[in-house]
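Undergrad: have a look at this prediction, sequence included:
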Amino acid sequence: MKPQAGVAELADARVSKTRGRKAMRVRPSPPALVALLGCVGLLLASSADAAWGERARERRERRQNRPPTAAVSGPRQAGDYQPGQFYPESITVGSRTRTYVLYIPKGYTAGSPPPGAYPLLFSFHGGKSDGKGQTKLDDFSLLADRHGFLCVYPDGLYKEWNDGRGITKPSKEQVDDVGFVTALLAHLEATLPIDARRIYATGFSEGAVFTHRLGCELTDRFAAIAPTSGMMTEPITARCQPSRPLPIVIFHGTGDPLAPYAGGEKRRAEGQVAHAVPAFAAFWASKNGCQPEPESAALPDVSRDGTTVTRTAYRGCAQGADVVLYTIHDGGHAWAGGPQYLPKSLVGRASRDLNASAAIWEFFKRHRRP
C-alpha cells in the first residue's frame, strides 16, 4: 500500500493531461512555503487562543469542578447554605408547587457581610428547558464566585413561561408566573441576606420574552434587565407601562432563525407581530427618556468565528437608565459565549466574539434601583 500524500503536498498538487486522461501528479512543496504556511497557522491559532483561551479554560474548569448540587431538604435558613453549591428548592404559590435552582457563591457567609450585602440575579430558561439547563448555558456561577452575588434559576411549568404573548401552555392556562416571581423574591429576601436595590433579571429565548414582561410589570423590584435572543410582540408593548425608567441591555443575533432580528409575524404566534430588535430597543429608550439617536461602535473581531458585534447605546436617559443593544452579526439563536447547544443548521452560530454573561454583569453592577 502506498503512503498517502501529506496536506502540504496535496495543496501543491498539479493536474496534467497524459494520453487524453487526467492524471494527478503530486509535487512536494518547497520547504520555505511549508514553513510559511505553518507560521501563518500558528499565528491564527495563537490569536484565537489569546482571545478565547480564558473563557475556554473557565469552561473546562467548570466541567471538571462543577459545584455540587445539595440534597433536597426542608425549609432552610441563611446559615444552612454552604458556599459554592447549587440548591434545588421549591415553594408553594397558590395551589401549585413551584421549583427553582439556587446558587450560593464561594465566599458566602450568612452573618458577614451584613444582611443586604448580596445582589441577586434571576436567570430564566428558554422554552423546553429548565433552570438546571440554564445554569449550563449562562455559567453565571463562575461570575458569582468572583463578584459575590446570588443566582436563582426558576423553572417554568411545562418548561415554558406565561410570557405575555398568550401562545404558551402556561399562558393559555393563565398560570401566574409574575406572581411566582414575586413570591419567590419575597421568600428569598426573607431567607437570605439580599440587597433589595440590586436585584436583576435576565433570560434566554422565551425566558427573554418573560424578562421583558417583568421589566414592564415588576419595575419596582428589579434594578435592571438583560433579555437575550427574545422578542417583544405587540401585545407586550401595548400593555407595557413601567413605573420608572429601567436600565436594559439586549443581546440578539442577526442570523437568529427562531426569533428573527427583523421581527415580523412569527410561527406559533397566532397572528402576533414581533417588533424588530432595534425597534424594541428604541421602545425602551423612549420609556426611559433617552436621547432619540443612539451611538454605535463595532467591537473587535477577536475570534474570527464568522460573527462580529456592534454595541449601540442610548445616552441622556432619565435616572441613568441606560439602554444598550449588542447586535451580533451572523449570530444565531444562542447565548453569546455559551455552548453551541444545538447544531448551527438548527439555531445558527453561538458567537465567540462576546461573553454575554460577563457583559450582563458589567452592566448590572453599574445600576441600583433608586
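TA: Arrived safely.
Undergrad: pull the CA atoms of the host helix or strand of Tyr326 into PDB?
TA: Assessed by DSSP states H and E, Tyr326 sits inside strand 323-329. Coordinates of each C-alpha in strand 323-329 appear next as PDB, following Å, rounded to 0.1, in the frame of the first residue of the first chain:
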ATOM      1  CA  VAL A 323     -30.400  51.300  27.100                       C
ATOM      2  CA  VAL A 324     -27.800  49.200  25.300                       C
ATOM      3  CA  LEU A 325     -28.100  46.800  22.300                       C
ATOM      4  CA  TYR A 326     -25.500  44.300  21.300                       C
ATOM      5  CA  THR A 327     -26.100  43.300  17.700                       C
ATOM      6  CA  ILE A 328     -24.400  40.000  16.900                       C
ATOM      7  CA  HIS A 329     -23.900  40.000  13.200                       C
END
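Undergrad: contacts for the next helix or strand after that strand?
TA: Downstream of strand 323-329, the first helix or strand assigned by DSSP H and E is helix 344-347. Contact with helix 344-347 is made by 257-258, 332-334, 341, as judged by C-beta atoms under 8 Å, 6 or more residues apart in numbering. C-beta coordinates here come from the backbone N, C-alpha and C atoms, glycine included.
Undergrad: in ChimeraX, select just the buried ones from those residues.
TA: For the buried members of the contacts of helix 344-347, the matching ChimeraX selection, counting by 16 or more other C-beta atoms under 10 Å, is:
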select :258,332,333,334,341
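Undergrad: now the contacts of helix 344-347 in a markdown table, with distance to Asn162?
TA: Output for the contacts of helix 344-347, formatted as a markdown table (distance: C-beta to C-beta, whole Å):
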| residue | distance to Asn162 |
| --- | --- |
| Pro257 | 25 |
| Leu258 | 19 |
| Gly332 | 26 |
| His333 | 21 |
| Ala334 | 24 |
| Tyr341 | 24 |
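Undergrad: which one of the contacts of helix 344-347 is nearest to Ile236?
TA: Leu258 (17.3 Å; C-beta to C-beta).
Undergrad: can I assume the closest one is in contact with Phe204?
TA: No. Using C-beta atoms under 8 Å, Leu258 makes no contact with Phe204, being 11.2 Å away.
Undergrad: anything in contact with each of the two?
TA: Common contact partners of Leu258 and Phe204 (C-beta under 8 Å, 6+ apart): Ser229.
Undergrad: hmm, back to that, just the closest of the contacts of helix 344-347 to Thr69, please.
TA: Tyr341 (20.2 Å).
Undergrad: how near is the closest one to Ala334?
TA: Look at Tyr341 and Ala334: by C-beta to C-beta, to the nearest Å, they are 7 Å apart.
Undergrad: shared neighbours, these two?
TA: Shared contacts of Tyr341 and Ala334 (C-beta under 8 Å, 6+ apart): 347, 350.
Undergrad: torsion angles phi and psi at Ala356?
TA: When read as degrees, to the nearest 10, the backbone of Ala356 gives phi -60, psi -40.
Undergrad: ok, now which ones touch the residue lying closest to it once chain neighbours are set aside?
TA: Nearest residue to Ala356, sequence neighbours excluded (C-beta to C-beta, 6 or more residues apart in numbering): Ala336, at 4.1 Å. Contact analysis of Ala336 by C-beta under 8 Å, 6+ apart lists 228, 251, 253, 309, 326, 328, 350-351, 353-356.
Undergrad: for the residue lying closest to Tyr81 once chain neighbours are set aside, which residues make a bridge with it?
TA: Nearest residue to Tyr81, sequence neighbours excluded (C-beta to C-beta, 6+ apart): Ile104, at 4.7 Å. Here Ile104 sits in beta bridges with Gln85, going by DSSP bridges.
Undergrad: would you mind measuring from Ile104 to Pro83?
TA: In terms of C-beta to C-beta, Ile104 sits 6 Å off from Pro83.
Undergrad: the two - which one has more neighbours?
TA: Higher neighbour count among Ile104 and Pro83: Ile104, with 24 against 13, using other C-beta atoms under 10 Å.
Undergrad: could I get the full set of strands for the protein?
TA: In the chain, the strands defined using DSSP state E lie at 14-18, 21-25, 85-93, 96-104, 118-124, 150-154, 194-204, 224-228, 248-253, 264-265, 273-274, 295-298, 308-314, 323-329.
Undergrad: looking at the ones you listed, which is closest to Arg369?
TA: Of all the strands of the chain, it is strand 194-204 that lies closest to Arg369, at 4.5 Å by C-beta to C-beta.
Undergrad: name the residues of the closest one that are buried.
TA: Buried-residue list, strand 194-204, by 16+ other C-beta under 10 Å: 194-195, 198-204.
Undergrad: stretch 234-244 now?
TA: Residues of stretch 234-244 classed as buried: 235-237, 240, 242 (neighbour count, 16+ other C-beta under 10 Å).
Undergrad: so what's the closest residue to Gly331 other than its chain neighbours bridging to?
TA: Residue nearest to Gly331 in three dimensions, not counting chain neighbours: Gly253, with 2.9 Å by C-beta to C-beta, 6+ apart. For Gly253, the beta-bridge partners are Ile328 (DSSP bridges).
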